[in-house]
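Q: Fold the following.
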Amino acid sequence: MVGSQVVRELLARGARVRVLTRSAEHAKNLPAGVKPVIGDMLDPATVRSVFDGVEGVFLLNPVSATEAHEGLMGVNGARMAGARRIAYLSVHHVDHAPHLPHFGAKIAVEAAIKASGMAYTVLRANNYFQNDVWFKDALLQYGVYPQPIGGVGVSRVDVRDIAEMAALSLTTTDHERQSYDVAGPDALTGARTAEIWSRALGRPVAYAGDDLDAWEKQAVQMLPPWMAFDFRLMYAEFQKNGLLADSPAIDRLTKALGHPPRRFEDFAKETAAAWKT
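A: Residues are numbered from 1 along each chain as shown. The predicted structure is shown next:
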């Protein structure tokens, strides 16, 4: 979701790109000119070899039970190979909720990166607009928006803005030793998100509500129980405290990108149009 966009942005800037993947099938689908490497960040042989000759690293560790370990292995591999800079995908307000497994894992990796001696940029990203692509059937078939983000507000972000910041961080020196809140311009609640989808799709869409017991019971039919529990904890945090960006953070991101961060309304219209074709 994010990695593919980062590859596009780097290629557009003339970078030579190498992509590490655990899947030979995924490697076949990479754009022309991208060098695939099959490996695993839990494998020391991969860590010792994959970063050789690499100037900059985009480090992305998705939600997993080994997220912190994979991230630390990546930092060590990049450092040992002499990489000059690293851009790390972290989480917005990561230090506000260190008890969340996904957030807590990022804190350790951030600390390791800052102590590594490499020039770094930490991208603390909010909840992605593109997560909603997973809800296509719920939206189109049942008229329901199922992500229980609550009523406080979440400053959700387009992954294309994350990818632009990653590419800028790796191809210029303007963002070294900086951390950015990478978030969208609007505070989106569950009900507000459903309203936006309703207008974009031209049909009624209702918010499924904040019942996390019901959400987890359904989620474990599609996700490993540990992952559903991790997401439940995150949603509980969103419902209680939100995940909101302030105006100075949005202004700083706008200056770095050279344009305002994308709006959810535009993403929903674009996605709804693509679903109709």
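
Q: alpha carbons only for contacts and neighbour counts from here, please
A: Fine.

Q: shouldn't Arg22 be in contact with Asp43?
A: No - look at Arg22 against Asp43 with CA atoms under 8 Å: they stay out of range, at 10.8 Å.

Q: Please state the mean pLDDT value computed over stretch 245-260.
A: When pLDDT is averaged along stretch 245-260, the result is 98.

Q: from now on call the first residue 48
A: That works, and once the first residue is 48, the last one we named lands at stretch 292-307.

Q: now it, how far from the chain's geometric center?
A: Offset of stretch 292-307 from its chain centre (CA atoms, centre = their mean, to the nearest Å): 17 Å.

Q: what's the answer for stretch 112-131, then?
A: 18 Å.

Q: One more: stretch 192-199?
A: 18 Å.

Q: And stretch 163-172, by the same measure?
A: 15 Å.

Q: what does it rub up against?
A: 122, 126, 130-141, 157, 160-161, 204, 209, 212-213, 216, 222-230 (CA atoms under 8 Å, 6 or more residues apart in numbering).

Q: Of the residues you listed, which belong to strands?
A: 132-138, 225-229 (DSSP state E).

Q: Switch those over to a markdown table; also include pLDDT.
A: Output for the ones in strands among the contacts of stretch 163-172, formatted as a markdown table (pLDDT from 0 to 100):
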| residue | pLDDT |
| --- | --- |
| Arg132 | 97 |
| Ile133 | 98 |
| Ala134 | 98 |
| Tyr135 | 98 |
| Leu136 | 98 |
| Ser137 | 98 |
| Val138 | 98 |
| Gln225 | 97 |
| Ser226 | 98 |
| Tyr227 | 98 |
| Asp228 | 98 |
| Val229 | 98 |
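
Q: For those residues, pick the one with the most neighbours.
A: Val229 (31 neighbours; other CA atoms under 10 Å).

Q: Done for today, thanks.
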